[in-house]
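In: Starting from these lines, generate the structure:
(one chain, ligands or ions: 2)
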Amino acid sequence: MHGKGNKGRFNVALKAVLFDLDGVIVDTAKYHYIAWKGLADRLGIFFDEAINERLKGVSRMASLDIILERSEKAYSADEKEALATEKNDAYVVMVKKITPAEILPGVVNFLQELREAGIKSSVCSASKSAGMIIDLLDLNPFFDEVLGGSDITRPKPDPEIFEMARDRLGLISSECLVVEDAFAGIVAAKRAGMKALGMGEESILTNADIVFHDMTYFNLHDVHLFFDQKIALKEESTRACLRKPKDL
Ligand code: B16
Ligand code: MG
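Out: Numbering: from 1, shown residues only. Ligands and ions are numbered 1, 2, ... in the order given. Got it, this is the predicted structure:
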């Protein structure tokens with residue numbers, strides 16, 4: 001068994017799921033990449049998909065700082081602000097065309113299950129465009145709260161956004177489950193005292209309590225098993241089992 005034991009802990013019911021946006025509900029990373037690549041090319045700075053991986057879940061200005069690591073020129077705060085605006089303008093042109101067809105597999109089914117079970121849900125994204133994207137995806141009816149980069153002062157890995165969602169929902173941390181695709185997001189969830197379910201690669205999300213590749217076979221029954229610690233966390237056979245479709 002490789003689980004994190006629950007000795008000395010009593011089980012609290014799952015009352016809310018706090019969702020990251022990019023990489024969990026929709027893949028906006030591809031649009032971020034195109035927009036950052038355009039800016040980097042214009043500035044003559046090397047930028048590729050591997051560097052782009054480091055930008056996932058990271059705030060806009062922190063992303064710019066990562067790109068400028070390879071710049072020979074130093075930029076003032078005002079210049080950096082203008083560069084971030086230039087990138088965002090290009091990003092917003094693309095993201096305004098997003099449709100519900102781009103919602104990642106399994107997301108709507110899971111959100112419906114949460115609604116039917118009376119479990120609350122919130123978006124907790126670093127993106128200042130989170131509200132617009134949720135509107136364009138027609139997902140507003142599924143969320144009690146939609147929090148984005150404009151709502152907070154301290155980006156992930158600071159726990160502020162998850163704590164804000166928890167407080168607005170009137171809950172305590174142990175009643176909340178975070179679903180995140182970024183290492184920094186899992187750190188934030190843990191600092192908020194919440195269980196964290198990783199979406200992506202286990203080799204990257206080493207700090208998550210459990211990792212799913214995607215939400216294709218995701219369902220509330222399995223999430224309850226995990227949340228209530230009725231299955232061992234981080235046990236290969238159990239995860240493999242959870243990934244199989246129910247009807248196989
Ligand atoms: P914006 P998430 C994050 O979204 C993206 O993963 C990250 O690449 C981006 O820099 C950040 O939002 C800020 O986005 O420039 O639109 O404010 O994963 O936290 O939903
Ligand atoms: Mg993300």
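In: Please name the residues that touch the nearest residue to residue 47 once chain neighbours are set aside.
Out: Spatial nearest neighbour of residue 47, excluding adjacent residues (Cβ to Cβ, 6 or more residues apart in numbering): residue 40 at 3.6 Å. Just so you know, the C-beta spots here come from the backbone N, C-alpha and C atoms, and that holds for glycine as well. Going by Cβ atoms under 8 Å, 6 or more residues apart in numbering, residue 40 touches 46, 47, 67.
In: Grab the nearest non-local neighbour of the residue nearest the centre of the chain.
Out: The centroid of the chain falls nearest to residue 20 when counting by Cα atoms, centre = their mean (2.6 Å). Once flanking residues are discounted, residue 20 sits nearest to residue 180: 4.6 Å by Cβ to Cβ, 6+ apart.
In: beta partners for that neighbour?
Out: Note on residue 180: beta-bridge partners by DSSP bridges are residue 198.
In: And for it, the neighbour number?
Out: With neighbours defined by other Cβ atoms under 10 Å, the count for residue 180 comes to 28.
In: wait, it sits on residue 192?
Out: No. Checked against Cβ atoms under 8 Å, the pair residue 180 and residue 192 is beyond contact range at 11.3 Å.
In: Low-confidence bits of this protein, can you list those?
Out: The model of the chain has pLDDT under 70 over residues 1-10, 230-248.
In: residues of the longest helix along it that come out buried?
Out: Longest helix in the chain, counting residues (DSSP state H): helix 77-95. Neighbour-count burial for helix 77-95, counted by 16 or more other Cβ atoms under 10 Å, picks out 83, 84, 87, 88, 90, 91, 95.
In: My guess is the fourth one contacts residue 61. True?
Out: The one in question is residue 88. No. The pair residue 88 / residue 61 is not scored as a contact, 10.7 Å apart, by Cβ under 8 Å.
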